[in-house]
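Engineer: Here is a sequence together with a model predicted from it:
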Amino acid sequence: MKMEIPLIDLSQLEGESRSEAIALLHQACEKWGFFQVENHGIDKKLMDKVKKLVNSHYEENLKESFYESEIAKEGLMNKCHIDWESSFFIWHRPTSNINDVHNLSEDLRKTMDEYINQLIPLAEKLSRLMSENLGLDKDYIKETFSGTKGPSVGTKVAKYPECPQPELVRGLRQHTDAGGIILLLQDEHVPGLEFSKDGEWIKIPPSKNNTIFVNTGDQVEVLSNGRYKSTLHRVMAGKDGSRLSIATFYNPAGDAIISPAPKLSYPQNYQFQDYLKLYATTKFSDKGPRFEAMKKIANGHSSLSA
């Protein structure tokens, strides 16, 4: 059975359809860990230009060296320990290193900066919506990620070259992402990305009409106390064309302190007899306030003793 990957229309967040759209986002984060967004407000001509310039950069500067590399020459024999990819990483926030990346054209640097300037507000919007859906203050994720200098933002630019024996290697071995919210601008023609759901690998199709593919990383899972889980994913190698991936990570700052949001975590380290005392007077009330009261008791802020 083919599963339909959740598609969130961000234009529906204004007006009568808002509750439906935000509920779909919540379900996507809770049940899938990945989804697509359309009507995201990013200039599609700019997105096309980023992809065109990255593809040109690969053809002119990286393709030949990849096929001459140890990965290409010996990787198929050491299949468990390599990724069939050609990639580089650019930091954007809190400081940029884009001018230090080897052989990037001025046009690509400028275009990438313009794209990131439009993408960060989208990441912030998604962080607000996720915070809202979790019952937190709308800026909770952003503020938690901020540390002393604001959230970290960086982009992994990758090409997954044509592979003569794709059955022997992975383009990228299965993993979860370490960070926060990942926004992927991907190839519109060549497939290869797969995400795990309910024990099955779901093939993520190429992005049509410049939809943005989004997934959540390990820090969102921790912050949400497991409500929004990071999901295993991988890239399959392929014979038919090289796949483009431009993945931007909206991550916590290096010095950000991460923990489950206190509002979302269950009470811990309490004696059951204390819980029973509270339960006796609140049995027919909602359990949520009871759990909140137990947190305070467990933390020593109040007592049930006479």
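Structural biologist: In hand now; what should we look at?
Engineer: ranges for the strands of the stretch 151-300 of the chain?
Structural biologist: 152-160, 170-175, 181-186, 193-197, 200-203, 212-216, 233-236, 243-251 (DSSP state E, counting those that start in this stretch).
Engineer: Residue 9: how many residues sit nearby?
Structural biologist: Residue 9: 15 surrounding residues under other C-beta atoms under 10 Å. Glycine gets a C-beta too; all of them are placed from N, C-alpha and C.
Engineer: residues contacting it?
Structural biologist: 21, 37, 38, 39 (C-beta atoms under 8 Å, 6 or more residues apart in numbering).
Engineer: Skip the chain neighbours and tell me the closest residue to residue 125.
Structural biologist: residue 10 (7.4 Å; C-beta to C-beta, 6 or more residues apart in numbering).
Engineer: Please report how far that neighbour lies from residue 63.
Structural biologist: 35 Å (C-beta to C-beta, to the nearest Å).
Engineer: Now do the phi/psi pair for residue 63.
Structural biologist: For residue 63, the backbone dihedrals (degrees, to the nearest 10) come out as phi -60, psi -50.
Engineer: so what's the nearest residue to it once chain neighbours are set aside up against?
Structural biologist: In this structure, residue 63 finds its nearest non-sequential neighbour in residue 161, 6.9 Å apart by C-beta to C-beta, 6+ apart. Residue 161 makes contact with 63, 66, 67, 72, 84, 85, 86, 242, according to C-beta under 8 Å, 6+ apart.
Engineer: Ok, residue 156 next?
Structural biologist: Residue 156 neighbours (C-beta under 8 Å, 6+ apart): 87, 88, 89, 245, 246, 247, 249.
Engineer: If we use 6 Å, what do you get?
Structural biologist: Going by C-beta atoms under 6 Å, 6 or more residues apart in numbering, residue 156 touches 87, 89, 247.
Engineer: hang on, isn't the first one packed against residue 158?
Structural biologist: Yes: in this structure residue 87 lies within contact range of residue 158 using C-beta atoms under 6 Å: 3.8 Å.
Engineer: between those two, who's got more neighbours?
Structural biologist: residue 158 (22 against 16).
Engineer: Now which of the contacts of residue 161 would you call buried?
Structural biologist: The neighbour-count criterion (16 or more other C-beta atoms under 10 Å) marks 63, 66, 72, 84, 85, 86, 242 among the contacts of residue 161 as buried.
Engineer: In three-state terms, label residue 122 for me.
Structural biologist: With DSSP: H, G, I helix; E, B strand; the rest coil as the basis, residue 122 sits in helix.
Engineer: which residues touch it?
Structural biologist: residue 40.
Engineer: again with residue 268
Structural biologist: Contacts of residue 268 by C-beta under 6 Å, 6+ apart are residue 298.
Engineer: now it: how far from residue 260?
Structural biologist: 10 Å.
Engineer: close enough to count as contact, residue 298 and residue 272?
Structural biologist: No: assessed by C-beta under 6 Å, residue 298 is found out of contact with residue 272, at 11.7 Å.
Engineer: roughly how far out does the helix or strand of the chain with the lowest mean pLDDT sit from the chain middle?
Structural biologist: Counting by mean pLDDT, DSSP states H and E, the chain has its least confident helix or strand at helix 70-74, which shows a mean of 79. Relative to the chain's own centre, helix 70-74 is displaced by 30 Å; criterion: C-alpha atoms, centre = their mean, to the nearest Å.
Engineer: Give the buried residues for it.
Structural biologist: So for helix 70-74, counting by 16+ other C-beta under 10 Å, buried means 71, 72.
Engineer: Name the residues of the helix or strand just after it that are buried.
Structural biologist: Note on helix 70-74: by DSSP states H and E, the next helix or strand toward the C-terminus is strand 86-93. Within strand 86-93, the residues scored as buried using 16+ other C-beta under 10 Å are 86, 87, 88, 90, 91, 92, 93.
Engineer: Straight-line length of stretch 144-163, end to end?
Structural biologist: 41 Å (C-alpha to C-alpha, to the nearest Å).
Engineer: again with stretch 169-179
Structural biologist: 25 Å.
Engineer: And for stretch 151-165?
Structural biologist: Span of stretch 151-165 from end to end, C-alpha to C-alpha: 40 Å.
Engineer: Give me the mean pLDDT for it.
Structural biologist: Model confidence over stretch 151-165, given as mean pLDDT, is 96.
Engineer: list the buried ones in that stretch?
Structural biologist: 151-163.
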